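Asks: Sharing a sequence plus its predicted fold:
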Amino acid sequence: GHSSINTEYVEQDTISCTKHNGQQLCFYCLHCETAVCSSCTDIEHRDHQTVGLDTAMKKEKENMRTTVTNILEKVPNIKKSIADIKSTNESLVAKEEDLDDAINDKFDQLVAMIEQRRTCLLNQLHFRVSSKREKLESQLRDLEENLAGVLTSCEFVDRAIDNASSTQLLLVKKQVGEGLKNGSNCEASVPIDTDYVELSLEGFDAVKDSINSIGTLISSSCIPSLSSAGGEGLRKTLTGRKSSISLTTRDCSGSITPGPSLSQITCQIEAVGGIQAGTLPRLIQVQVLPGESGEYDIVYSLPKEGRYRMWIRIYGTDIQDSPFQITCLPDEDTRRSVRSYSASLPRPSNRMRSRRSTPGSRPMSANSWNSLASSRNAMDDDLIIAIGSRGRGKGEFTNPQGVAVTNSGEILVCDSNSQCVQVFSPTGALLSRWGVRGRSPGQLQRPTGIAVMKDGKIAVSDYDNKWISVHEPSGKFVSKFGGNRLLGPKGLTVAQTGELVVVDNKASCIFILQPSGKVLAKFGTRGSEAAQLAGPHYAAINSHANIIISDFHNHNIKVFTKDGHFIFSFGSNGEGNGQFNAPTGVAVDAQDNILVADWGNSRIQVFDQYGSFLSYVNTSGCPLYGPQGIALTVDGNIVVADSGNHCIKIYKYLQ
């Protein structure tokens with residue numbers, strides 16, 4: 001409880017001793033810390049040191065004033081703490097509401113998908129039963145009509161036999177003879193269809209099991225200012241050598257507590273003391289790895305001796321003692337040959353990959369690596385070759401987008417911000433570069449998608465010019481179409497029968513065009529329902545002629561028939577297996593497996609033709625950053641436009 005002061009007592013000028021009546025308390029016992037009278041000093045307190053009450057209280061007044069001053073100095077911080085607690089509590093309430101809405105939204109989508117599937121099955125049931133019944137009822141009508149006619153003829157002839165004359169009988173024979181002949185050929189027949197209709201619930205049990213594992217809530221009570229880092233790597237390291245730091249997350253009591261997802265933990269290193277970023281021989285590289293509960297490993301490598309500053313942050317707030325000062329000393333082994341740091345990093349485990357972060361946050365691959373310079377080193381992944389670097393010259397890129405591969409293996413790349421198409425050999429040698437910036441026919445303003453037509457010509461979707469331009473393999477302009485229909489074409493692919501499938505990103509719809517540009521079909525509307533699209537990016541076609549679309553803002557992949565009828569979709573927003581953070585490029589292999597460039601998570605995922613997750617393409621050595629278009633080479637490898645790193649990469653792919 002709170003203490004209170006008796007003001008009536010304070011207002012008294014003198015206080016009498018309770019043991020010696022009539023005597024005032026005018027002395028102060030330092031040993032007992034109490035006021036006493038003169039008799040008390042002679043009797044009870046005779047062995048104690050006493051001073052005048054006024055003298056003692058003057059000193060006590062100074063002590064009390066100092067105490068009050070110290071307390072008042074703490075008041076602003078306490079008020080700030082109160083405000084911070086209120087803000088945290090309000091933020092928690094807001095997050096609860098947001099997550100409540102997100103959970104309801106996702107499960108509403110799931111319920112809608114289930115309802116849609118139920119409706120689809122019921123429609124199939126009614127259609128198939130109706131078709132069977134229509135055939136059976138038609139057969140029934142025919143047989144009943146034939147039987148009625150035969151019976152009528154037989155009855156008429158039977159009467160004629162008994163009653164008609166010879167002349168009349170001859171007339172009867174001519175009149176009903178053909179009917180009798182047909183009646184004699186009339187035989188009983190089996191039903192032309194069966195009553196067999198059966199419901200197969202294959203996958204039902206798997207769906208039930210999956211529903212019980214949908215979603216994971218991640219929370220943490222770790223306080224950044226109480227969380228600490230340790231290890232020799234906090235003070236010094238050797239040039240080019242891997243150094244490790246341990247990060248421990250702690251709660252308000254200082255106890256170790258599970259930390260947040262990797263997306264909430266960042267480590268930034270900057271060179272100080274005159275070192276310029278442009279003079280660094282290679283990357284400053286950092287990776288944050290999860291350890292035991294409440295423990296993380298921060299692994300880094302520095303390319304040049306000197307002084308550096310390191311910030312370690314949780315939720316964007318510095319941990320205890322951050323930033324740290326690091327001295328990088330020369331190392332004779334690495335001075336002669338700087339070994340690739342990437343090759344020494346541990347590959348991401350399944351446990352790492354399954355850790356989720358807030359949807360829309362930056363991906364682990366982008367969050368865990370920081371670079372101040374670019375370099376090309378041997379990498380511990382499936383990379384075969386990286387082509388190009390940032391720039392506007394030949395063989396350089398600024399935001400590459402769509403990719404395609406010709407029958408002879410040449411790799412075609414839409415260099416979006418450089419307004420051109422570049423052509424490379426399978427080994428990465430530049431063969432040609434064509435395209436001129438502009439808004440006239442034959443010019444390119446923002447090429448985003450590319451495909452090889454059946455006659456060998458090259459079709460390019462131009463987002464800003466709002467048309468498809470067709471070129472000879474040499475780059476010579478042939479024609480353009482779609483300018484009065486398309487709003488923002490992005491992805492482009494060609495069906496086995498020669499039609500062009502154009503993804504209109506801005507209109508959130510799909511066009512199917514003849515090679516001449518004539519519109520054969522159009523489907524898709526903007527929205528978040530099962531068959532709707534929201535900023536679709538790229539398309540691919542499987543062996544069944546089904547069209548596979550990357551639905552960027554709905555964070556899933558949708559599959560349609562060649563006529564535009566919705567079949568199914570897969571994926572949801574997140575970082576787990578089979579989840580997406582804005583998918584972009586799609587491709588289909590010889591087994592109809594679906595490859596997806598997961599733009600926001602900076603990875604490539606592989607699914608079977610039904611949308612079940614199979615694996616990742618291993619890009620851990622030098623992570624992708626915002627991959628766009630992907631395609632398969634003639635020898636079955638994967639080519640991807642690494643737009644954030646401004647290059648093209650080819651990876652091994654084991655089908």
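Replies: In hand now; what should we look at? None of these values were measured; they are calculated from a predicted model.
Asks: what's the spacing between the closest residue to L632 other than its chain neighbours and V640?
Replies: With sequence-adjacent residues excluded and distances taken as CB to CB, 6 or more residues apart in numbering, L632 is closest to A587, at 5.5 Å. C-betas here are computed from N, CA, C, even on glycine. Distance of A587 to V640, given as CB to CB, to the nearest Å: 9 Å.
Asks: any common contacting residues for those two?
Replies: By CB atoms under 8 Å, 6 or more residues apart in numbering, A587 and V640 have these common neighbours: I630.
Asks: quick one: the helices in the stretch 51-200 of the chain?
Replies: Assigned by DSSP state H, counting those that start in this stretch, the stretch 51-200 of the chain shows helices spanning 53-163, 166-185.
Asks: To F552, which of these lies closest?
Replies: Closest approach to F552 among the helices of the stretch 51-200 of the chain is made by helix 53-163 (16.4 Å; CB to CB).
Asks: Quick one: list the elements packing against the closest one.
Replies: Contacting helix 53-163 under the criterion 3 or more CB pairs under 8 Å, 6 or more residues apart in numbering; DSSP states H and E are the following elements: strand 27-29, helix 166-185.
Asks: average model confidence for the last one?
Replies: Mean per-residue pLDDT for helix 166-185: 70.
Asks: Next SSE downstream of that helix?
Replies: Going down the chain from helix 166-185, the next helix or strand is helix 204-211, by DSSP states H and E.
Asks: So what touches the very next helix or strand once past that next one?
Replies: Sequence-wise, the next helix or strand downstream of helix 204-211 (DSSP H and E) is strand 228-230. For strand 228-230, contacts defined as CB under 8 Å, 6+ apart pick out I245, S246, L247, T248, R250, I298, I312, I319, Q320, D321, S322, F324.
Asks: Neighbouring strands - and their directions - for the strand or helix carrying the second one?
Replies: Using DSSP H and E, S246 falls within strand 243-248. Under the criterion DSSP bridges, strand 243-248 sits next to strand 228-230 (antiparallel), strand 295-301 (antiparallel) in its sheet.
Asks: average model confidence for the shortest one?
Replies: In this case it means strand 228-230. For strand 228-230, the mean per-residue pLDDT is 91.
Asks: For the helix or strand that it is followed by, buried residues please.
Replies: Per DSSP H and E, strand 228-230 leads on to strand 236-238 as the next helix or strand towards the C-terminus. Neighbour counts over strand 236-238 (16 or more other CB atoms under 10 Å) mark T237, L238 as buried.
Asks: Stretch 241-261 too?
Replies: Buried residues in stretch 241-261 (16+ other CB under 10 Å): 241-243, 245, 247-251, 257, 259-261.
Asks: Equivalent analysis for stretch 598-608, please.
Replies: D598, W599, G600, N601, S602, R603, I604, Q605, V606, F607.
Asks: same deal with stretch 19-30?
Replies: Using 16+ other CB under 10 Å as the test for burial, stretch 19-30 gives H20, L25, C26, F27, Y28, C29.
Asks: Report the distance from that stretch to the chain centre.
Replies: 80 Å (CA atoms, centre = their mean, to the nearest Å).
Asks: Now that stretch - C-alpha only, CSV.
Replies: Taking Å, rounded to 0.1, in the frame of the first residue of the first chain, the C-alpha atoms of stretch 19-30 are listed here in CSV:
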residue,chain,number,x,y,z
LYS,A,19,8.1,8.6,29.3
HIS,A,20,8.8,11.8,31.2
ASN,A,21,5.8,14.0,31.5
GLY,A,22,6.3,17.7,30.7
GLN,A,23,9.7,17.3,29.2
GLN,A,24,10.1,18.3,25.5
LEU,A,25,12.0,16.1,23.0
CYS,A,26,14.9,18.3,22.2
PHE,A,27,17.7,15.8,21.7
TYR,A,28,18.3,13.0,19.0
CYS,A,29,19.8,9.6,19.7
LEU,A,30,22.0,8.7,16.8
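Asks: tell me the average confidence for it?
Replies: 84.
Asks: residues making contact with that stretch?
Replies: 14-17, 34-41, 44-45, 48-53, 55-57.
Asks: swap the cut-off to 10 Å and go again
Replies: Contacts to stretch 19-30, defined as CB atoms under 10 Å, 6 or more residues apart in numbering, come from residues 13-18, 34-45, 48-57, 59-60.
Asks: just stretch 135-144 next, same as before
Replies: By CB under 10 Å, 6+ apart, stretch 135-144 touches R133, C186, A188, S189, V190, P191, I192, D193, T194, D195.
Asks: Export it to PDB, keeping only CA atoms.
Replies: Taking C-alpha atoms only, stretch 135-144 is exported to PDB below (Å, rounded to 0.1, in the frame of the first residue of the first chain):
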ATOM      1  CA  LYS A 135     -29.600 -42.100 -72.500                       C
ATOM      2  CA  LEU A 136     -31.700 -44.700 -70.600                       C
ATOM      3  CA  GLU A 137     -34.900 -42.700 -70.900                       C
ATOM      4  CA  SER A 138     -34.300 -42.300 -74.600                       C
ATOM      5  CA  GLN A 139     -33.800 -46.000 -75.000                       C
ATOM      6  CA  LEU A 140     -36.900 -46.600 -72.900                       C
ATOM      7  CA  ARG A 141     -39.100 -44.400 -75.100                       C
ATOM      8  CA  ASP A 142     -37.900 -46.100 -78.200                       C
ATOM      9  CA  LEU A 143     -38.600 -49.600 -76.900                       C
ATOM     10  CA  GLU A 144     -42.000 -48.600 -75.600                       C
END
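Asks: So for the residue nearest the centre of the chain, what's the nearest residue that isn't a sequence neighbour?
Replies: Among the residues of the chain, the one closest to the centroid is N581, at 1.8 Å (CA atoms, centre = their mean). Of all residues not flanking N581 in the chain, G600 sits nearest, at 2.8 Å (CB to CB, 6+ apart).
Asks: again, but for G626
Replies: G644 (3.7 Å).
Asks: rewinding a little: are any of the contacts of stretch 19-30 buried, and if so which?
Replies: Buried among the contacts of stretch 19-30 by 16+ other CB under 10 Å: C17, A35, V36, C37, C40, T41, H45, T50, L53, A56.
Asks: which among those residues gets closest to S461?
Replies: A56 (91.9 Å).
Asks: and the gap between the closest residue to the closest one other than its chain neighbours and S213?
Replies: The shortest distance from A56 to any non-neighbouring residue, by CB to CB, 6+ apart, is to Y28 (3.5 Å). Distance, Y28 to S213, using CB to CB: 74 Å.
Asks: Check E144 too.
Replies: 58 Å.
Asks: V606 now?
Replies: For V606, the distance to S213 - CB to CB - is 21 Å.
Asks: Tabulate the CA atom coordinates of whatever helix or strand V423 lives in in PDB.
Replies: Element membership of V423 [criterion: DSSP H and E] is strand 420-424. Extracted C-alpha coordinates of strand 420-424, given in PDB (Å, rounded to 0.1, in the frame of the first residue of the first chain):
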ATOM      1  CA  CYS A 420      16.200  -4.700 -74.500                       C
ATOM      2  CA  VAL A 421      16.400  -8.500 -75.000                       C
ATOM      3  CA  GLN A 422      19.700 -10.200 -74.500                       C
ATOM      4  CA  VAL A 423      20.500 -13.700 -76.000                       C
ATOM      5  CA  PHE A 424      23.100 -16.100 -74.400                       C
END
